[in-house]
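A.B. asks: output the structure for:
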Amino acid sequence: MDKAIAVLGLTHVSKKITLKHVGWAILALKLAIAGYFIYLLVEGFRTNAFEFGERFLWFILAGFVAQLIDGALGMAYGVSCTSLLLWLGIPPKFASASVHTSEIFTTGVSGLSHIRFDNIDKRLFFQIVVTGSIGAIIGAYFISDLFDGDLVKPFISFYLLLLGVYLLYKAFKKQQGKAKSMKHTPLLAFAGGLLDAIGGGGWGPIVTSNLLSRGKSPRHTIGTVNTAEFFVTYFATAVFIFVLGVQHLEIVLGLIIGGVIAAPLGAYIASRINQRLLLILVGILVVLSSGWGIAAAFWL
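C.D. replies: Numbering: from 1, shown residues only. Next up, the predicted model:
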């Protein structure tokens, strides 16, 4: 009975709110966070708070590689970027906070583009955006305030290692033509948002891959999940800023610069490279970098 009421409520809300409303919400939220970060950047430059040394170049490289992968593959930005940041010695909470903050700028544009080209399944969007955002808020609070960074780092590396193995499995797995039922989609989104915030990545590999394996349309699945990701990322970032402040701004700036440079190259590679080969390369990259993090925590 409760489930039926929830479904009816969701249907009612989705009928009242149009994709145009969603687009305006994305634009307003993005302008608000962009204005705040522009103010922080101006203050940082005014007080010489930034150090643009060798480490900053590594942040640019991490953003470049991650965006190159995401642009060509459609997912794995968070997994790739967080793995590289942990490898560079960034604490898990700052790695995840930096990745989610930089993603706001990319996912917002992506979401608006998908709305413009009608790549959204509105019913699926409302099934995943609310629970995904709730999971992200809880996960962001856990990693930023409750978990000890040194203690949780090997576990985050292990989680990313499993995601890398899953990407390799997905690359070699034969496609199934038979569609599966769409049960427990809100719960899937909650788990995706929770683990994405804690681990710094995983929304795409967890949610998109599972929905595609159930026989959903690739066009509408990718468009819907990418649009919902803006809200998941936004609310996770809000928690990070509230708990941690903006100590990670230098990392964010490097990731954004690298991402902007890589964006057109990623689109070009997407049209040229074999997707299966790229998925294998990404899986290997994540497995190696996460494996190094585990080894460093326990044996080095």
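A.B. asks: would you map the helices across this protein?
C.D. replies: Using DSSP state H, the helices of the chain run over 2-16, 19-46, 54-73, 77-87, 92-116, 122-141, 149-172, 185-199, 203, 209-213, 218-244, 249-272, 275-298.
A.B. asks: ok now the third one, how far from the chain's centre?
C.D. replies: Relative to its chain's centre, helix 54-73 lies at 14 Å (Cα atoms, centre = their mean, to the nearest Å).
A.B. asks: could I get that helix in PDB with only the CA atoms?
C.D. replies: Extracted in PDB, the C-alpha atoms of helix 54-73 (Å, rounded to 0.1, in the frame of the first residue of the first chain):
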ATOM      1  CA  GLU A  54      54.900  21.100  -9.500                       C
ATOM      2  CA  ARG A  55      52.100  19.600  -7.500                       C
ATOM      3  CA  PHE A  56      49.600  21.900  -9.200                       C
ATOM      4  CA  LEU A  57      50.700  20.600 -12.600                       C
ATOM      5  CA  TRP A  58      50.000  17.100 -11.400                       C
ATOM      6  CA  PHE A  59      46.400  18.200 -10.500                       C
ATOM      7  CA  ILE A  60      46.000  19.600 -14.100                       C
ATOM      8  CA  LEU A  61      47.300  16.200 -15.400                       C
ATOM      9  CA  ALA A  62      44.900  14.300 -13.300                       C
ATOM     10  CA  GLY A  63      42.000  16.400 -14.500                       C
ATOM     11  CA  PHE A  64      43.200  16.100 -18.100                       C
ATOM     12  CA  VAL A  65      43.400  12.300 -18.000                       C
ATOM     13  CA  ALA A  66      40.100  11.900 -16.200                       C
ATOM     14  CA  GLN A  67      38.200  14.200 -18.500                       C
ATOM     15  CA  LEU A  68      39.800  12.500 -21.600                       C
ATOM     16  CA  ILE A  69      38.500   9.200 -20.300                       C
ATOM     17  CA  ASP A  70      35.100  10.500 -19.400                       C
ATOM     18  CA  GLY A  71      34.700  12.400 -22.700                       C
ATOM     19  CA  ALA A  72      35.500   9.300 -24.700                       C
ATOM     20  CA  LEU A  73      33.700   6.800 -22.600                       C
END
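A.B. asks: quick one: that helix to helix 275-298, angle?
C.D. replies: 140 degrees (axes from the mean of the first three to the mean of the last three Cα atoms, to 10 degrees).
A.B. asks: follow-up on the earlier one: possible to save the helices of the chain as TSV with mean pLDDT and mean neighbour count?
C.D. replies: Bear in mind the C-beta positions are built from the backbone N, C-alpha and C, glycine included. Listed next are the helices of the chain as TSV, based on pLDDT from 0 to 100; neighbours: other Cβ atoms under 10 Å:
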stretch	mean pLDDT	mean neighbour count
helix 2-16	53	10
helix 19-46	88	14
helix 54-73	84	21
helix 77-87	85	28
helix 92-116	85	24
helix 122-141	94	22
helix 149-172	80	18
helix 185-199	91	25
helix 203	88	32
helix 209-213	77	19
helix 218-244	88	23
helix 249-272	78	18
helix 275-298	78	18
